[in-house]
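1. Quick one: sequence plus predicted model below, questions after.
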Amino acid sequence: MNSTKVYSLLLLFLFTFSFCSKKDVDSDMLDENLTEETYFPPLNSSEWETKSIAALNWNENQLQPLLDFLEEKNTKSFMILYNGKIVVEEYFNNHTATASWYWASAGKTLTATVSGIAQDENLLNINDKVSDYLGTGWTSTSLEKENQITCKNLLSMTSGLDDSLGDDVSPENLKYVADAENRWAYHNVYVKMQDVVANASKTTFTNYFNTKLKDKIGMSGLWTNVNDLSVYWSNTRSMARFGLLISADGKWEDTQIVSESFLNEATNTSQTINKAYGYLWWLNGKESYHLPATQAQFNGKLIPNAPNDLFAALGKNDQKIYVVPSKKLVIIRMGASAENSNFALSNFDDDLWAKINAVID
């Protein structure tokens, strides 16, 4: 065999060995990440373990374009958790790690979760009518129509009450449009579930929330009332803690905070009209969806660029908690509206996921 052939064979061997070795390393990294146990940050501590983009074999050169995009779109904070560990944590536009920002309607999912906890404790049943807990006359509808409305209808936005009358939830502003279960409409009447929980637990909603959820997972923050809206404010890591709890099927370390069975209901289609809505959670990957302030049905996925199994807490002006079970991801975005003021979903969701995919794929 001449020297040219020997040299060629040697190069081929070295290339094959190098390729296989890298493939084996990448495979080992993937296997390790898939089998790693979920990490939970300690309570009442700033300690939080991290994981590098390199360790996840993500595309590090695509991170800066993502961060530039976020800053341009009025973002205040952004986090990516993988299996509980922080991979990305960035603050923009003079916001800081200790500063609070509003969750807006992303905080609806806090109410849903606390409702599930109360049901787990046999304090209430979401299939009961709301008047069992609030008494009759909590709406201005007839007694017959009012008694059709269950707690589940509040959680799934199918109360049948008029959503065009503003956010006031006093009885005179809660008027009949359709029988419960027959119409999906994004309505602030969901907040009556906080009264249900308070009455069922014989304490205030805030006390119950703090004791059963906030304190148990180390969240900061507080509820405020703005123009008859109950709004939660916290730092970004507190929002991430809540997202982590949900992604871990309701467990925090070895403690079941809210039952997996309730969360399974909450993060799957809750009624027959808006396939992309659970119990105050938005769901991706469905064949159609409805949006606030319209009765129109839109065909296709809620966020086309996002994974099908994503579910999300979405708040006014682009407050986001994305949970992606298949990828072990929790992603947080807080800030001002990326473009135009919106109730929940916006074009920003799909554009953001295009940038996220460039990093994680």
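-> That came through fine.

2. Outside of the strand or helix carrying residue 351 itself, list whatever touches it.
-> Under the criterion of DSSP states H and E, residue 351 resides in helix 347-360. By CB atoms under 8 Å, 6 or more residues apart in numbering, the surrounding residues in contact with helix 347-360 are 53, 56, 58-60, 62-63, 65-66, 69-70, 73, 80, 302-306, 314, 318, 320, 327, 329, 331, 333, 338-339. Where you see a C-beta, it was placed from the backbone N, CA and C, and this is true even at glycine.

3. where's residue 131 relative to residue 59, distance?
-> 54 Å (CB to CB, to the nearest Å).

4. Have a look at those two and say which one is more surrounded.
-> Higher neighbour count among residue 131 and residue 59: residue 131, with 17 against 14, using other CB atoms under 10 Å.

5. Of the contacts of helix 347-360, just the buried ones, ChimeraX syntax please.
-> The buried residues among the contacts of helix 347-360 can be selected in ChimeraX (16 or more other CB atoms under 10 Å) with this line:
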select :53,56,58,62,63,66,69,70,73,80,302,303,306,314,318,320,329,331,333,338
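
6. Just the ones of the contacts of helix 347-360 in strands?
-> Among those, the members found in strands (DSSP state E) are 80, 314, 320, 329, 331, 333.

7. Would you reformat those residues as CSV and include distance to residue 205 and pLDDT?
-> Output for the ones in strands among the contacts of helix 347-360, formatted as CSV (distance: CB to CB, whole Å; pLDDT from 0 to 100):
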residue, distance to residue 205, pLDDT
80, 31, 99
314, 22, 97
320, 24, 98
329, 30, 98
331, 28, 99
333, 26, 98
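
8. These: which two are farthest apart?
-> The span of these, defined through CB to CB, is set by 80 and 314 at 17.4 Å.

9. ok so, going back, could I get the buried residue list for the helix holding residue 351?
-> Using 16+ other CB under 10 Å as the test for burial, helix 347-360 gives 348, 349, 351, 352, 353, 355, 356, 359, 360.

10. Looking at those, which is nearest residue 197?
-> Using CB to CB, those come closest to residue 197 at residue 349, 29.7 Å.

11. And stretch 71-84, end to end?
-> End-to-end distance for stretch 71-84: 24 Å, by CA to CA, to the nearest Å.

12. Likewise for stretch 36-47?
-> End-to-end for stretch 36-47, by CA to CA: 19 Å.

13. Ok, stretch 174-188 next?
-> First-to-last distance for stretch 174-188 - CA to CA - comes to 10 Å.

14. repeat for stretch 119-132
-> 14 Å.

15. how about residue 215, phi and psi?
-> Dihedral angles of residue 215 (phi, psi; degrees, to the nearest 10) stand at phi -70, psi -30.

16. how near is it to residue 208?
-> 11 Å.

17. of the two, who's got more company?
-> residue 208 (22 against 12).

18. Wait, that one touches residue 198, no?
-> Yes - in this structure residue 208 lies within contact range of residue 198 using CB atoms under 8 Å: 6.8 Å.

19. so where's this protein uncertain?
-> 1-34, 228 (pLDDT under 70).

20. ok, now which ones touch the nearest residue to residue 107 once chain neighbours are set aside?
-> Counting by CB to CB, 6 or more residues apart in numbering, residue 232 is the residue found nearest to residue 107 once chain neighbours are left out, at 3.9 Å. Contact analysis of residue 232 by CB under 8 Å, 6+ apart lists 102, 103, 107, 110, 221, 222, 223, 224.

21. Repeat the analysis, applying 10 Å as the threshold.
-> 100, 102-104, 106-111, 209, 214, 219, 221-224, 238-239, 242, 315, 319 (CB atoms under 10 Å, 6 or more residues apart in numbering).

22. Which of those fall within strands?
-> Among the contacts of residue 232, the residues falling in strands (DSSP E) are 102, 222, 223, 224, 315, 319.

23. Which stretches in the stretch 1-150 of the chain count as strands?
-> Secondary structure of the stretch 1-150 of the chain, counting by DSSP state E, counting those that start in this stretch: strands at 75-82, 85-91, 101-102.

24. Out of these, which is the most enclosed?
-> Between the strands of the stretch 1-150 of the chain, strand 75-82 has the highest mean count of neighbours, a mean of 24, where neighbours are mean count of other CB atoms under 10 Å.

25. ok now stretch 191-202, how far from the chain's centre?
-> Centroid separation between stretch 191-202 and its chain, computed with CA atoms, centre = their mean, to the nearest Å, is 22 Å.
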